[in-house]
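> Test case, fold it:
(one chain, ligands or ions: 2)
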Amino acid sequence: MISERAYIWVFLPGHTAPVICGVVAWDGAEHVFRYGKSYLARSDAMPLSIPGRPLGDLSGNPCVLDGELSGALRDAAPDAWGRRLIQREIARKMDRSAQRIEGELGEIDYLLGAGPERIGALDTSETPDVYAPTYRSVSPLEDALMAAEKMERGEALDEALDAALNHGTSIGGARPKVLFSQKNARQEDEYWVAKFSTSRDTVNLVAAEGGAMRLAARVGLRVADVQVLQVSNKDVLLVRRFDREPHGSGEVTRRHMLSAMTLLGLDEYAVRAGDSSYLELADLLRKYARNFDQDGPELFMRMVFNILIGNTDDHARNHACFWDGDFLELTPAYDICPQPRLGYSADLAMVVGDNGRAARLSNALSQAQRFGLTHDVAAEQVDKMRRWVDADWKETFAAAGMKSGDIEYLAKATILSPSIFD
Ligand SMILES: Nc1ncnc2c1ncn2[C@@H]1O[C@H](COP(=O)(O)OP(=O)(O)O)[C@@H](O)[C@H]1O
Ligand SMILES: [Mg+2]
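Residues are numbered from 1 along each chain as shown. Ligands and ions are numbered 1, 2, ... in the order given. Reported below is the predicted structural model:
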């Protein structure tokens with residue numbers, strides 16, 4: 001690793017500037033976090049996680065995190081895509097090859113490398129005294145798209161293209177993407193995630209995600225706004241960020257978010273092994289949600305929607321809640337996309353009901369009460385959503401730019417697969 005410690009800053013709810021809240025360091029065997037004395041002395045200090053999880057209680061005791069830096073801090077660090085970009089950036093600065101640098105970087109380097117545009121309300125610095133973020137200059141989406149394609153093909157990038165990609169370092173997820181902002185009609189900054197397709201996609205996944213997100217909104221779910229754009233003749237999906245809010249005269253507030261992975265106390269391995277559960281997430285909402293009557297049924301219907309459209313990539317980093325130190329609130333839904341398949345049945349990525357992860361409506365209904373719904377009300381809502389999806393999905397996906405061949409492919413076994421009615 002190159003850096004051994006990172007100072008953690010948080011934008012408290014409603015604030016447009018951050019306060020320092022603690023430090024995380026590698027002690028040779030594990031990562032240890034401590035809240036700072038100045039933070040603990042504040043009357044408005046909030047714990048960065050929920051009670052019972054690391055960082056969930058405001059005390060000066062050291063909090064041991066595992067080698068992967070799981071938890072609230074992991075949510076502020078990038079995933080696969082951002083990590084590749086950080087390796088490139090550091091390699092360039094040190095005039096070394098990205099492959100060699102990869103072996104030398106530790107979690108703290110990635111945490112520091114994500115920069116001030118990162119998702120959520122946390123940020124980092126290498127020294128404790130000043131918050132002096134380096135905002136990267138924004139490049140046109142055309143450049144970012146071209147750079148992402150070249151990088152995927154393993155081709156060299158010139159400096160301008162390299163810079164264009166650096167806006168992707170601060171975000172999680174595996175697909176190529178960048179963050180950018182633009183002024184709206186009221187001259188306020190609006191913040192967006194731009195997601196690109198990759199050469200490995202079997203169908204136009206940008207149109208599939210754009211279509212699925214719009215369909216989700218149409219059938220009544222609370223979803224991030226999306227737009228499908230043409231950039232250099234390629235489809236690009238824009239998703240409006242819900243963790244940034246304009247606050248007048250160019251100021252912005254940030255919202256602290258925790259992924260379901262963090263809320264459930266899991267790490268990346270457990271998530272990949274399918275050890276996460278909608279039911280346990282619903283239990284946490286029942287305990288901590290500001291409004292369980294709203295969020296419980298909303299989570300249930302998001303799960304049902306994923307079954308209906310064959311989104312089996314609904315893992316615990318694709319769900320998140322805002323956390324204000326007292327209450328949880330589901331964020332708008334994001335990263336909803338059918339996962340093209342030809343096999344008959346499928347599993348979701350999280351446990352759905354009595355039959356584990358099986359993507360079947362009967363499985364979802366088996367535990368509806370955990371989400372605050374009676375079986376009868378849930379069955380009625382599921383049936384309504386099913387009919388709505390059936391009536392609207394092809395038109396919505398076509399409007400998002402999906403060609404009829406791709407629509408037919410999804411109709412075979414992915415969207416409204418017969419297996420979900422077993
Ligand atoms: N609209 C949004 N507002 C704020 N954060 C978002 C938004 N969309 C995604 N994110 C965050 O960015 C991460 C990566 O985005 P995601 O759409 O899941 O990409 P991928 O398809 O690569 O997994 C998510 O896990 C979430 O933390
Ligand atoms: Mg994702």
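
> alpha carbons only for contacts and neighbour counts from here, please
Fine.

> Report the closest residue of the stretch 1-150 of the chain relative to ligand 1.
Relative to ligand 1, the nearest point of the stretch 1-150 of the chain is residue 119 (5.4 Å; C-alpha to the nearest ligand atom).

> Those residues of the stretch 1-150 of the chain touching ligand 1, which are they?
residue 119 (C-alpha under 6 Å from any ligand atom).

> what about the stretch 1-150 of the chain, any weak spots by pLDDT?
Under the criterion pLDDT under 70, the flagged ranges of the stretch 1-150 of the chain are 137-138.

> Number of residues surrounding the residue of the stretch 1-150 of the chain closest to ligand 1?
25 (other C-alpha atoms under 10 Å).

> Which of the three states applies to it?
Counting by DSSP: H, G, I helix; E, B strand; the rest coil, the backbone at residue 119 sits in coil.

> My guess is it contacts residue 78. True?
No - assessed by C-alpha atoms under 8 Å, residue 119 is found out of contact with residue 78, at 9.1 Å.

> Wasn't residue 401 part of a strand?
No - counting by three-state DSSP, residue 401 is not found in a strand; it is coil.

> Now it: closest residue in space that isn't a chain neighbour?
residue 207 (5.3 Å; C-alpha to C-alpha, 6 or more residues apart in numbering).

> Distance of that neighbour relative to residue 402?
Plainly put, residue 207 is 5 Å away from residue 402 if you go by C-alpha to C-alpha, to the nearest Å.

> And those two? Which one has more around it.
Each of residue 207 and residue 402 has its neighbours counted (other C-alpha under 10 Å); residue 207 has more, 27 against 22.

> what helix or strand is that one on?
helix 205-218 (DSSP states H and E).

> Can you tell me how far the residue of the stretch 1-150 of the chain closest to ligand 1 is from residue 31?
Computed as C-alpha to C-alpha, the residue 119 to residue 31 distance reads 21 Å.

> Now the residue nearest the centre of the chain. Nearest residue, chain neighbours left out?
By C-alpha atoms, centre = their mean, the chain has its centre lying nearest to residue 318, at 5.2 Å. The spatially closest residue to residue 318, leaving aside those adjacent along the chain, is residue 335, at 6.3 Å (C-alpha to C-alpha, 6+ apart).

> so how many other residues sit close to that neighbour?
Counted by other C-alpha under 10 Å, the residues lying close to residue 335 total 19.

> got a pLDDT number for it?
Note on residue 335: pLDDT of 97.

> so it touches residue 320, yeah?
No - at 11.1 Å, residue 335 does not count as touching residue 320 under the criterion of C-alpha under 8 Å.

> Run the chain-centre distance for stretch 270-282.
The chain centroid and the centroid of stretch 270-282 are separated by 16 Å, computed with C-alpha atoms, centre = their mean, to the nearest Å.

> Wondering if it reaches ligand 1 at all.
No - with C-alpha under 6 Å from any ligand atom as the criterion, ligand 1 is not reached by stretch 270-282; the gap is at least 12.7 Å.

> average pLDDT across that stretch?
94.

> buried sites along it?
271, 274-282 (16 or more other C-alpha atoms under 10 Å).

> and if you look at stretch 58-74?
58, 63-65, 69-74.

> Redo those as a markdown table? Include distance to residue 236.
Shown next, in a markdown table, are these (distance: C-alpha to C-alpha, whole Å):
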| residue | distance to residue 236 |
| --- | --- |
| 58 | 42 |
| 63 | 41 |
| 64 | 41 |
| 65 | 37 |
| 69 | 32 |
| 70 | 31 |
| 71 | 31 |
| 72 | 30 |
| 73 | 29 |
| 74 | 27 |
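
> re the thing from before, run through the residues that contact the residue nearest to residue 318.
Listed by C-alpha atoms under 8 Å, 6 or more residues apart in numbering, the contact set of residue 335 reads 209, 213, 318.

> Now with 10 Å, please.
Listed by C-alpha atoms under 10 Å, 6 or more residues apart in numbering, the contact set of residue 335 reads 173, 209-210, 212-213, 223-224, 239, 311, 313-314, 317-319.

> And for residue 208?
Listed by C-alpha under 10 Å, 6+ apart, the contact set of residue 208 reads 214, 237, 336-340, 396-398, 400-402, 406-407, 410.

> Out of the residues you listed, give me the two with the largest separation.
Spanning the widest gap among the contacts of residue 208 are 237 and 410, at 19.0 Å by C-alpha to C-alpha.

> what about residue 322, how many residues close to it?
Counted with other C-alpha under 10 Å, residue 322 comes out at 21.

> now swap in residue 398 and tell me
Applying other C-alpha under 10 Å, we find 16 residues neighbouring residue 398.

> That one is in contact with residue 211, isn't it?
Yes - with contact defined as C-alpha atoms under 10 Å, residue 398 counts as touching residue 211 (7.6 Å).

> Can you tell me, leaving aside adjacent residues, what's nearest to residue 358?
That would be residue 347: by C-alpha to C-alpha, 6+ apart, it lies 4.4 Å from residue 358.

> The one you found and residue 312 touch, don't they?
Yes - if you go by C-alpha under 10 Å, residue 347 and residue 312 touch, sitting 6.5 Å apart.

> hmm, back to that, could I get the buried residues of stretch 270-282 as TSV with secondary structure and distance to residue 88?
Formatted as TSV, the buried residues of stretch 270-282 follow (DSSP: H, G, I helix; E, B strand; the rest coil; distance: C-alpha to C-alpha, whole Å):
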residue	secondary structure	distance to residue 88
271	helix	27
274	coil	31
275	coil	33
276	coil	33
277	strand	36
278	helix	37
279	helix	40
280	helix	38
281	helix	36
282	helix	40
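
> And the residue of the stretch 251-400 of the chain closest to ligand 2?
residue 318 (4.9 Å; C-alpha to the ion).

> Could I get the full set of strands for the stretch 251-400 of the chain?
Counting by DSSP state E, counting those that start in this stretch, the segments of the stretch 251-400 of the chain that form strands are 252-254, 257-259, 320-323, 328-330.

> just to revisit the earlier point, buried among the contacts of residue 335? Make that a PyMOL selection.
To isolate the buried members of the contacts of residue 335 in PyMOL, using 16+ other C-alpha under 10 Å:
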select buried, resi 209+210+212+213+223+224+239+311+313+314+317+319
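
> before we move on, back to that, let's see which of the buried residues of stretch 58-74 end up in strands.
Mapping the buried residues of stretch 58-74 onto strands (DSSP state E) picks out 63-65.
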